[in-house]
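Enquirer: Test case, fold it:
(chains A and B)
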Amino acid sequence: MRSGVNVPALVVFVLFFALVTVLGFLAARWRKADNALHLDEWGLGGRSFGTWITWFLLGGDLYTAYTFIAVPAAVYGAGAAGFFAVPYTIIAYPLVFLFLPRLWSVARVHGYVTPADFVRGRYGSRALSAAVALTGILATMPYIALQLVGIQAVLDTLGIGGGTSGNWFMKDLPLFLAFAVLAAYTYSSGLRAPALIAFVKDALVYIVIIVAVIYIPMRLGGYGHIFDAAAAKFDAVNPATHKPVGSMVSGPDAQWAYATLALGSSLALFMYPHTVTGVLAAKSRNTVRRNMAILPAYSLMLGLLALLGFMAIAAGVGKGVKGYNAQLAVPQLFDNLFPSWFTGVAFAAIGIGALVPAAIMSIAAANLFTRNIYKDFLRPDATPEQETRIAKIASLLVKVGALVFVLGMDKQLAINLQLLGGLWILQTFVSIVGGLFTRWFHRWALLAGWAAGMVYGTWKAYGIASPATKHFGGNSAAIPGIGEIGYIGFTAFVLNLIVAVALTLVLRAVKAPEGADETSPADYGAEAGDRALEDAPVPAAAH
Amino acid sequence: MSSEVPESDAGAPEGALPQVTPERVLAGISLAVPVVALLWVSSYAKLTPALGGMPFFYWYQIAWIPVSALFTGTAYLLLNRDEQRRRAARGGEPR
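Expert: Sure, this is the predicted structure:
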């Protein structure tokens, strides 16, 4: 690592940061609504985003700074196994194409702001809806914290922040500043801020990735040389485990894990509160559908990005450094190979790439708290104005919580918790997606299935050790009954589904009370402009 | 994974169109193809043939990204047509 501060890179980085700060505050006036004190306005941007804004927003939302750091880091560390992110994002869109339009329609008709709102309306169960909401908040918090880890990695490589010198306050001052600014414009502009900033972020990311996959191989002697260098690294045998440190293709015993990780992660992707927020902010059902066909443009970028992990190997990043932090591989690759000013552009892409999802995640968590905890349990008679005020304050608290987490606790813990977050959020799939197609499942059976999946998955993950950590050290374990290694989250999901089906059969046989369903079949196909929607009550007044 | 697109609006009057139309079946197949192809890991877990120095495992999966977008786009167009015909069959009245 170079010593001192990379000044040209820092200047470019700060300029871009200033630009998006201005945009973030201006966003409050962008497509301004008649009634800004409505949760639909602050929390969903007025449900008004068309195809392109939705595309930028979802792209900015799904492909986070942590993605840019972690996906190549996984490829850098293990080779083929880290590449599962690519099939994961490929199969996600065909799968969610089936149910997201239905979620949009029913949410639009009934004014649902969160996935838990839908669950409560569909099953008439506050307990199930609270379980979905708490799972969402729990899964989102470490995800926000990891966005900060992404910014930290960049600041460290730039030569400011982090490190060992100075007191703790000065050390983390840049991070505090970045975060204070983020919190301020999210508070004032709501979802419009990340939607507007996403344009800058995505443009920067595309430029950086395209330049990187052309320029870096030229510097390193071509792709052939890059993959040869990687193969040489992964063939080496780890003296501790007597196994190769990685592999260039998934071996026969790793293919179940590869496929179940891809499938489980893709099912979980649109269960996250922040992705649902991005979808519900679309102005029509067709906008959602169209986006499922054009969002793979971002997957292409992700695929190319993953290759940066191999380039970091070929460039000798971290070579011979004991216990090298793979999370720094990509920032350091850029720092070593790009001209200083372009390193600044690349780091700005990562830094802003952290701000957009962090903003949306905190808004989504705030919506969940406000709608499904505060309104359902504490203040059932809250007005839309009160809801909006509570959500704004909650978004601040969520971010402060994430900041404390990153500064006060082990970074490894945030990474472990984010792995768990994916596992947890997947356990809401049966309630949400099952409910979009059928009212067959019993609410108590869904709750029991959710609990079974959460407990099993957490317990299994707790038992996995890795060189870096004693618990939560990985995401794969033997699948009971099959004997292959598979993604724990997916195994837990199957268990969840089995419990839900079995208990539904029992509860139906004993005629347990089913709860009221406030939706009707036609709601699930409603499109903007339909009479069903024109007759619908004003969204947030629906409850 | 069902290969059908389950738009089971059973309670709504659907006019003359049945639940299962050729458009819906084809859309379901279009969506299923990329999912099956990518989950079938053993079909592509190999190094050769390499493309421009890139092992098969990597360029094959990256190549699937635009191909899957084409399949999803096809499903979008098919379902759009299906929904328009349903709307027409209901005489323009959504309810």
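
Enquirer: which helices and strands does the strand or helix carrying A:V330 pack with?
Expert: For A:V330, the element it lies in under DSSP states H and E is helix A:329-337. The contact analysis (3 or more Cβ pairs under 8 Å, 6 or more residues apart in numbering or on different chains; DSSP states H and E) places helix A:329-337 against helix A:65-78, helix A:126-158, helix A:192-220, helix A:296-314, helix A:340-368. C-betas here are computed from N, CA, C, even on glycine.

Enquirer: Out of those, the one nearest chain B is which?
Expert: Checking these against chain B by Cβ to the nearest Cβ gives helix A:296-314 as the closest, at 3.9 Å.

Enquirer: buried sites along that closest one?
Expert: Residues A:296, A:298-314 are the ones in helix A:296-314 that count as buried (16 or more other Cβ atoms under 10 Å in any protein chain shown).

Enquirer: check those against chain B, which are close?
Expert: For chain B, the contacts drawn from the buried residues of helix A:296-314 by Cβ under 8 Å from any Cβ of the partner chain are A:P296, A:S299, A:L300, A:G303, A:L304, A:L307.

Enquirer: quick one: contacts for the first one?
Expert: Meaning A:P296. Contact criterion Cβ atoms under 8 Å, 6 or more residues apart in numbering or on different chains gives A:T89, A:I90, A:Y93, B:I65, B:P66, B:S68, B:A69, B:T72 as the residues in contact with A:P296.

Enquirer: could those residues go into CSV alongside distance to A:L148, pLDDT and secondary structure?
Expert: Shown next, in CSV, are those (distance: Cβ to Cβ, whole Å; pLDDT from 0 to 100; DSSP: H, G, I helix; E, B strand; the rest coil):
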residue, distance to A:L148, pLDDT, secondary structure
A:T89, 23, 91, helix
A:I90, 29, 92, helix
A:Y93, 28, 92, helix
B:I65, 29, 93, helix
B:P66, 34, 93, helix
B:S68, 33, 93, helix
B:A69, 32, 92, helix
B:T72, 33, 92, helix
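
Enquirer: are any of the residues you listed buried, and which?
Expert: The buried subset of the contacts of A:P296 (16+ other Cβ under 10 Å) comprises A:T89, A:I90, A:Y93, B:I65, B:S68, B:A69, B:T72.

Enquirer: now those residues in JSON lines, with distance to A:I53?
Expert: Below are the buried ones among the contacts of A:P296 laid out as JSON lines (distance: Cβ to Cβ, whole Å):
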{"residue": "A:T89", "distance to A:I53": "21"}
{"residue": "A:I90", "distance to A:I53": "24"}
{"residue": "A:Y93", "distance to A:I53": "18"}
{"residue": "B:I65", "distance to A:I53": "23"}
{"residue": "B:S68", "distance to A:I53": "23"}
{"residue": "B:A69", "distance to A:I53": "20"}
{"residue": "B:T72", "distance to A:I53": "20"}
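
Enquirer: What's the nearest residue in chain B when you look at chain A?
Expert: The nearest approach of chain B to chain A comes at B:G53, 2.9 Å away (Cβ to the nearest Cβ).

Enquirer: low pLDDT regions in chain B?
Expert: Scanning chain B for pLDDT under 70 picks out B:1-16, B:91-95.

Enquirer: what's the closest non-adjacent residue to the residue nearest the centre of it?
Expert: Chain B has B:L31 as the residue nearest its centroid, 2.2 Å off, counting by Cα atoms, centre = their mean. Of all residues not flanking B:L31 in the chain, A:P94 sits nearest, at 4.0 Å (Cβ to Cβ, 6 or more residues apart in numbering or on different chains).

Enquirer: tilt between the helix or strand the one you found falls within and helix A:296-314?
Expert: Per DSSP H and E: A:P94 is located in helix A:85-97. Put simply, helix A:85-97 runs at 170 degrees to helix A:296-314, going by axes from the mean of the first three to the mean of the last three Cα atoms, to 10 degrees.

Enquirer: who does helix A:85-97 touch, helix- and strand-wise?
Expert: Helix A:85-97 packs on helix A:65-78, helix A:255-269, helix A:285-294, helix A:296-314, helix B:22-39, helix B:56-89, going by 3+ Cβ pairs under 8 Å, 6+ apart.

Enquirer: got the contact list for A:L378?
Expert: Contacts of A:L378 by Cβ under 8 Å, 6+ apart: none found.

Enquirer: Before we move on, what's the pLDDT of the nearest residue to A:L134 once chain neighbours are set aside?
Expert: Leaving aside its sequence neighbours, A:L134 sits nearest to A:I373 (Cβ to Cβ, 6+ apart; 7.7 Å). Note on A:I373: pLDDT of 92.

Enquirer: Correct me if wrong: A:I373 contacts A:A133.
Expert: Yes: between A:I373 and A:A133 there is a contact at 6.2 Å, judged by Cβ atoms under 8 Å.

Enquirer: Compare these two (neighbour count), which wins?
Expert: A:A133 (28 against 18; other Cβ atoms under 10 Å in any protein chain shown).

Enquirer: What pLDDT is listed against the more buried one?
Expert: Confidence at A:A133, expressed as pLDDT, is 95.

Enquirer: OK, contacts around the residue lying farthest from the centre of chain B?
Expert: Largest separation from the mean C-alpha position in chain B: B:G53, at 32.1 Å (Cα atoms, centre = their mean). Taking Cβ under 8 Å, 6+ apart, we find B:G53 in contact with A:G222, A:Y223, A:G224, A:H225, A:I226, A:F227.

Enquirer: backbone phi and psi for it, please?
Expert: When read as degrees, to the nearest 10, the backbone of B:G53 gives phi 90, psi -10.

Enquirer: Name the nearest residue to it, ignoring sequence neighbours.
Expert: B:G53 sits nearest to A:G224 (Cβ to Cβ, 6+ apart), 2.9 Å away.
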